[in-house]
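> Return a 3D structure for these sequence lines:
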Amino acid sequence: MQLFEAMDAQGDEYDEQKLKEKHAKKPFVKYLSAEKKQLREQIMKQMRLFHSGRTVDNKINELLQDEIFYQEKGLNDLREKALLKAKELATNAERFHLLKEILLRQTGFVIEFEKKHLTKPVVQLINEQKQLFITQESELELQAKNRELFSVLRSGADMQDSTVNNRVEMLYMEVERYRTRIGDSYRLQCLFERANSNYFHLQRNWKASFQHTKNEYEIYQRAEHLKTEDALNYKVCLANLMARALSAKEEDWFTKALEEMKSLPTSSFNEEGEVFQNVYFQEHLFYINHGEFEKAVALVPIIEQGLVKYEAKVNQARKIAFRFNIMVMYFVMHRFKDALNWIEPMMTDSSEIKQDQRFVGILLLPIIHFELGHVDLVESFTRSAYRFLQKKNRLHEFERLVLNYLKGMPLSSDQTEFRTKLVAFSEELDSIMNDSKKRRTIGTEELSLWAKSHLQNRKMSEIIGD
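Next up, the predicted model:
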């Protein structure tokens, strides 16, 4: 307690050297490493007691611990009741990994104590284990396929790359094989719908992607207990519903999911971070898409604070996406200096996450410098973009079009030549955007807005409102 109080008195910033100096005469300083370990163990012991019975997993594990105690004391009636209650909870919540252990213990109990009709209950339990094995195998397979589809989505992998596209199609076919196997399992149904939603999102089929996430949401409405027993996954479902609804222009569903997400209680730092990274990301994007830039800008300080507070929770993909959206917001508002401040951290990121957004940033960088009057930097940044994209095998029709335009961009005061080349560039961008196979390339809308703003002598933010 002395060590805890001494550490607690330091506030948010722990300084071990200062703690040793201030409490040099106290016994805990002499064996500080061992005392800290013991303190941590005591805190975790108390926290386990504090959270006892709060989740279905805790309840099941406590019943299994009770069963071991009853077994040791020969209290077989209580032992059997504990197993039956644990089985009921695990079955309703579809905790397959715990159900497997419960069935094994039940089988052992029956073999040990059943005096009559031994074969029948044992065979029944063995059949339950076989069915559980099939269900668990389906869950693991669907989880694996869904995670791979999601990893392709999160990384921003090149869907115009035949290898990537073929793998995605193969994963989709493998997911479809489970359509007739999922049965009445809520967990398998949710995994199936989520995998399909990720697949159609990769294909830029917004309506189909939204529909599958809506299906998953409706599964949770039919199984109300899962909302609390699987609270984090339900929040992920709501987050996906917001994102997919926004893409599919289903504004009523977006608002519904956003309001529900905001109203849900959080029971941990992890859940708080999940709510932050989804609510503020989607709300900010919604304001940008609807031309409500004052509201979007007002969220930036909140987002900055949240990125610091939930650093340990917010994934790298979402951090990049936050920066990308804020950069785009300032870009279309013609606040190019602010856009540059947000684009630079993206350029130094060495991860393989959200590559598509980073590639768009690389293409926008020469234009931002052009707008800031740094015409001497346009050529060098264009060359750098070409080399980088060539190295990444990312020079498709859109990228080549932009780079060719930038190479030939008139940097003099000759507005006639500038306008002539910009008209041709804008028309070619429109051609790409009108091609259903090429439409999935991100960055086309931002470049098209920029071209039209110069041709119409209007701000990009004004054109969005048209």
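> Pull up the gap between Leu455 and Gln124, please.
To Gln124, Leu455 is 75 Å away according to CB to CB, to the nearest Å. Quick note: C-beta positions are derived from backbone N, CA and C, even for glycine.
> Check Gln46 too.
Distance from Gln46 to Gln124, by CB to CB: 42 Å.
> what about the two, which has more around it?
Neighbour count, other CB atoms under 10 Å: between Gln46 and Gln124, Gln124 has more, with 13 against 10.
> buried set for the longest helix belonging to the chain?
Taking DSSP state H as the criterion, the chain has its longest helix at helix 119-155. Residues of helix 119-155 classed as buried: 121, 125, 128, 132, 135, 138-139, 141-142, 145-146, 148-150, 152-155 (neighbour count, 16 or more other CB atoms under 10 Å).
> What is that helix packed up against?
helix 96-113, helix 162-176, helix 186-202 (3 or more CB pairs under 8 Å, 6 or more residues apart in numbering; DSSP states H and E).
> per-residue confidence averaged over it?
Mean per-residue pLDDT for helix 119-155: 87.
> and it with helix 96-113, angle?
170 degrees (axes from the mean of the first three to the mean of the last three CA atoms, to 10 degrees).
> Low-confidence ranges, the stretch 101-250 of the chain, go.
Scanning the stretch 101-250 of the chain for pLDDT under 70 picks out 114-120.
> May I have stretch 1-12 exported as CSV, CA atoms only?
Presented in CSV, the C-alpha positions along stretch 1-12 are these (Å, rounded to 0.1, in the frame of the first residue of the first chain):
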residue,chain,number,x,y,z
MET,A,1,0.0,0.0,0.0
GLN,A,2,2.9,2.4,0.7
LEU,A,3,4.3,1.7,-2.8
PHE,A,4,0.9,2.1,-4.4
GLU,A,5,0.2,5.4,-2.6
ALA,A,6,3.7,6.7,-3.5
MET,A,7,3.3,5.9,-7.2
ASP,A,8,-0.3,7.2,-7.2
ALA,A,9,0.9,10.5,-5.7
GLN,A,10,3.1,11.1,-8.8
GLY,A,11,0.0,11.6,-10.9
ASP,A,12,-0.1,10.7,-14.6
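> got the buried residues for it?
Using 16+ other CB under 10 Å as the test for burial, stretch 1-12 gives 3, 6-7.
> Assign Lys25 to helix, strand or coil.
Put simply, Lys25 is coil when judged by DSSP: H, G, I helix; E, B strand; the rest coil.
> While we're on it, how confident is the model there?
So, for Lys25, pLDDT stands at 84.
> what about it, distance to Gln2?
Going from Lys25 to Gln2 by CB to CB gives 12 Å.
> One more: Phe192?
Counting by CB to CB, the gap from Phe192 to Gln2 is 55 Å.
> ok, now Glu72?
Relative to Gln2, Glu72 is positioned 37 Å away (CB to CB).
> now Leu238
Taking CB to CB, one finds Leu238 at 45 Å from Gln2.
> If you count contacts, what does the helix or strand where Phe359 lies end up packed against?
In the assignment (DSSP states H and E), Phe359 maps to helix 355-371. Judged by 3+ CB pairs under 8 Å, 6+ apart, the packing partners of helix 355-371 are helix 316-332, helix 336-347, helix 375-391, helix 397-407, helix 444-456.
> Could you look up the SS state of Leu395?
Here Leu395 is recorded as coil under three-state DSSP.
> Need the pLDDT of it.
Predicted confidence (pLDDT) for Leu395: 86.
> any idea how far Val360 is from it?
Taking CB to CB as the measure, Leu395 falls 14 Å from Val360.
> More neighbours: those two, which one.
For Leu395 versus Val360, neighbours defined as other CB under 10 Å are more numerous around Val360 (26 against 13).
> Pull the contacting residues for the more buried one.
By CB atoms under 8 Å, 6 or more residues apart in numbering, the contact set of Val360 is 324, 442-443, 446.
> mind running it again at 10 Å?
For Val360, the contacting residues are 156, 324, 327-328, 343, 346, 354, 398-399, 402, 441-444, 446-447, by CB atoms under 10 Å, 6 or more residues apart in numbering.
> how far away is it from Asp158?
Taken as CB to CB, the spacing of Val360 relative to Asp158 amounts to 13 Å.
> How many residues are close by Phe109?
Phe109: 18 surrounding residues under other CB under 10 Å.
> ok, now Lys18?
Neighbour count of Lys18, defined by other CB under 10 Å: 11.
> Not counting residues beside it along the chain, what's closest to it?
Using CB to CB, 6 or more residues apart in numbering and skipping the chain neighbours, the partner closest in space to Lys18 is Gln10 (7.2 Å).
> Could you do Leu226 as well?
Among residues not flanking Leu226 along the chain, Tyr220 sits closest, at 5.6 Å (CB to CB, 6+ apart).
> Ok, Trp253 next?
Closest residue to Trp253 apart from its sequence neighbours, by CB to CB, 6+ apart: Ala245 at 4.0 Å.
> The helix or strand containing the one you found - contacts with which helices or strands?
Per DSSP H and E, Ala245 falls inside helix 231-247. In this structure, helix 231-247 packs against helix 186-202, helix 206-222, helix 225-229, helix 251-263, helix 269-289, with contacts taken as 3 or more CB pairs under 10 Å, 6 or more residues apart in numbering; DSSP states H and E.
> next one: it to chain centre, how far?
With CA atoms, centre = their mean, to the nearest Å as the basis, helix 231-247 stands 9 Å off its chain's centre.
> Pretty sure Ala257 sits against Ala243.
Yes: applying CB atoms under 10 Å, one finds Ala257 in contact with Ala243, separated by 9.1 Å.
> Give the intersection of the neighbour lists for the two.
213, 278, 282.
> Top of the residues you listed by number of neighbours, please.
The most crowded member of those, judged by other CB under 10 Å, is Thr213 (29 neighbours).
> List the contacts of that residue.
193-194, 196-198, 200-201, 237-245, 248, 253, 257.
> Any of those buried? List them.
The buried subset of the contacts of Thr213 - by 16+ other CB under 10 Å - is 193-194, 196-198, 200-201, 237-245, 248, 253, 257.
> Now Arg419: closest residue in space that isn't a chain neighbour?
Closest residue in space to Arg419, ignoring its immediate chain neighbours: Leu455 at 7.0 Å, by CB to CB, 6+ apart.
> Report how many residues lie close to the one you found.
Around Leu455 there are 13 other residues, counting by other CB under 10 Å.
> Hmm, it is touching Ser426, no?
Yes: under the criterion of CB under 10 Å, Leu455 makes contact with Ser426 at 6.4 Å.
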